[in-house]
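Undergrad: Got a sequence here, can you build the structure:
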Amino acid sequence: MRYSVYILFFCFLGFFAVADAQLSALPQTEIIATITPENPKANELVYVALTSYGTNINTAKITWATDGKVQKSGIGEKSFTFKAGALNTSTMLEITIETQEGETIEKTLNIKPVLVDLIWESDGVTPPFYRGKSLFSHQNKLTFIALPHIAPSGGAEISAKNLVYKWKKNGSVVDSASGFGKNTYTFVSSLISRPVKVEVEVTTTDSSGFGYASSDMAPIEPLVILYKKDPIYGLELQKILQNTLTLTDSKEIMVVGVPLFFNKTNFDRNELTYKWSINGITIENESYQSTQVFRQKEGVAGTSRIGLSIENPSKILQYSTTAFNLMFNNN
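TA: Now for the predicted structure:
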C-alpha cells in the first residue's frame with residue numbers, strides 16, 4: 001500500500017513540473033501598432049494606434065516616448081500623434097504597455113522619412129516641338145523609373161543601383177522586375193486596357209532604410225491633329241486646323257495629319273493607316289499618306305468637311321479621327 005501511495009505522489013510532482021514549464025514558455029501578449037500614413041513623408045504628422053486581442057489595452061497603462069523622452073503616459077492612452085523628422089532622419093518611438101495582468105510589453109518603432117520619385121514614360125509618338133510628354137494610350141509600352149533618395153545618418157545618398165526593389169502591378173508582386181539594382185519596370189498594357197496601379201518598395205541591403213512610391217494610370221484615346229503646311233514657312237505648328245478655315249488668298253491648301261500618342265515604333269515604320277475624306281466620301285490614296293492637298297474648283301464656292309482617320313493595324317485600340325470645315329471663297 002505504501003508503495004502505491006509513493007508512486008502516486010511522484011506522478012503528481014511530475015505533473016506540476018510539466019505544468020510549470022508550460023506556463024513559463026507562454027508567449028508575450030501580441031500588441032499591434034498601426035501607423036498612418038504607412039510611409040510618412042518628411043515633417044508629416046504620424047498617427048499611431050494600438051490594438052490587441054490578447055489583453056484589454058483600455059485598462060493598461062501606456063507610455064509613449066520619442067528618442068528617449070516621454071511624451072504621453074496614462075491608462076488607456078492607446079493612440080499617439082507626432083511629427084516625423086526631416087528627410088532621412090530617424091525618430092525612435094518607444095511604447096511601453098503595462099497590462100492589468102501584470103505583464104509589461106515594450107515595442108520600438110523606427111520612423112525614417114524617405115523620398116522615392118516615381119516617374120514614367122510612354123512609347124507614344126508626339127509631334128515636333130510638342131510641349132509635354134507622351135501620355136499613356138491603349139496598348140502602348142510604359143516604363144517606370146524609381147529614383148530613391150535614401151541616405152544613412154549624416155551620409156550621402158545611396159546610389160539607385162545599390163538598392164533592392166520590389167515592384168507591384170495592381171497589388172501583385174512582379175518577381176521578374178524585382179531585385180537588387182532593378183529600379184526600372186517596363187510592361188505593355190493588355191488588349192483590354194484598364195486603369196493600372198504600379199507600386200515600388202525600395203530597401204537598403206541591410207534593411208536599415210525603406211521607401212515607397214505608387215502611381216495610378218488610366219489609358220487614354222490617341223489623337224489626330226491637323227496642321228496647314230505653307231509652301232514658304234513649312235508646317236504651321238502654332239495653329240491646329242479645327243472648326244472652320246476660309247481660303248481667301250490662295251486656291252489650294254496642303255493639310256498634314258499628325259498622330260498623337262500612337263505607338264512610336266509603328267509610326268517610324270510607316271505602319272499607320274491614314275484615311276482622308278471629303279464630306280464623308282473617302283479619298284483614294286496611299287494608306288501611309290499623311291499629307292493631302294485640297295484645291296478650289298474654278299467658279300465654285302461653298303464649304304467642304306475635311307476628315308482624317310488614323311489607325312494602327314497591329315494595335316486595334318489605337319484609332320482616332322478628326323475633321324474641320326474648309327470654306328471656299330467665290331472670289
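Undergrad: quick one, domains of the chain?
TA: Annotated domains of the chain cover 22-111, 115-217, 223-328 [automatic domain parsing].
Undergrad: want to throw those into a markdown table with mean neighbour count and mean pLDDT?
TA: Backbone N, C-alpha and C define where each C-beta goes, glycine included. As requested, the domains of the chain are exported to a markdown table (neighbours: other C-beta atoms under 10 Å; pLDDT from 0 to 100):
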| stretch | mean neighbour count | mean pLDDT |
| --- | --- | --- |
| domain 22-111 | 14 | 90 |
| domain 115-217 | 16 | 92 |
| domain 223-328 | 15 | 90 |
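Undergrad: So residue 95: helix, strand or coil?
TA: strand (DSSP: H, G, I helix; E, B strand; the rest coil).
Undergrad: Make sure it is actually in contact with residue 82.
TA: No: the pair residue 95 / residue 82 is not scored as a contact, 11.7 Å apart, by C-beta atoms under 8 Å.
Undergrad: residues contacting the spatially closest residue to residue 264 that is not a sequence neighbour?
TA: Of all residues not flanking residue 264 in the chain, residue 125 sits nearest, at 4.5 Å (C-beta to C-beta, 6 or more residues apart in numbering). By C-beta atoms under 8 Å, 6 or more residues apart in numbering, the residues touching residue 125 are 134, 259, 260, 261, 262, 263, 264, 267.
Undergrad: do you know how far residue 125 is from residue 193?
TA: In this view, residue 125 and residue 193 are 18 Å apart by C-beta to C-beta, to the nearest Å.
Undergrad: Residue 275 now?
TA: Distance, residue 275 to residue 193, by C-beta to C-beta: 23 Å.
Undergrad: now residue 148
TA: To residue 193, residue 148 is 29 Å away according to C-beta to C-beta.
Undergrad: got it, and residue 309?
TA: From residue 309 across to residue 193, the span is 20 Å (C-beta to C-beta).
Undergrad: now swap in residue 264 and tell me
TA: Using C-beta to C-beta, residue 264 is found at 17 Å from residue 193.
Undergrad: Over to residue 261?
TA: To residue 193, residue 261 is 12 Å away according to C-beta to C-beta.
Undergrad: Could you do residue 202 as well?
TA: Separation of residue 202 from residue 193 (C-beta to C-beta): 28 Å.
Undergrad: which residues does the residue sitting nearest the centre point of the chain contact?
TA: Central residue of the chain (C-alpha atoms, centre = their mean): residue 215, 1.4 Å from the mean position. Counting by C-beta under 8 Å, 6+ apart, residue 215 touches 118, 120, 144, 197, 198, 199.
Undergrad: Output these in CSV, with distance to residue 37 and secondary structure appended to each entry.
TA: Below are the contacts of residue 215 laid out as CSV (distance: C-beta to C-beta, whole Å; DSSP: H, G, I helix; E, B strand; the rest coil):
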residue, distance to residue 37, secondary structure
118, 16, strand
120, 22, strand
144, 21, strand
197, 17, strand
198, 19, strand
199, 14, strand
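Undergrad: which residues in the chain form helices?
TA: Along the chain, the segments classed as helices by DSSP state H run 2-24, 264-268.
Undergrad: Of those, which shows the lowest average pLDDT?
TA: Mean pLDDT is lowest for helix 2-24 among the helices of the chain, at a mean of 35.
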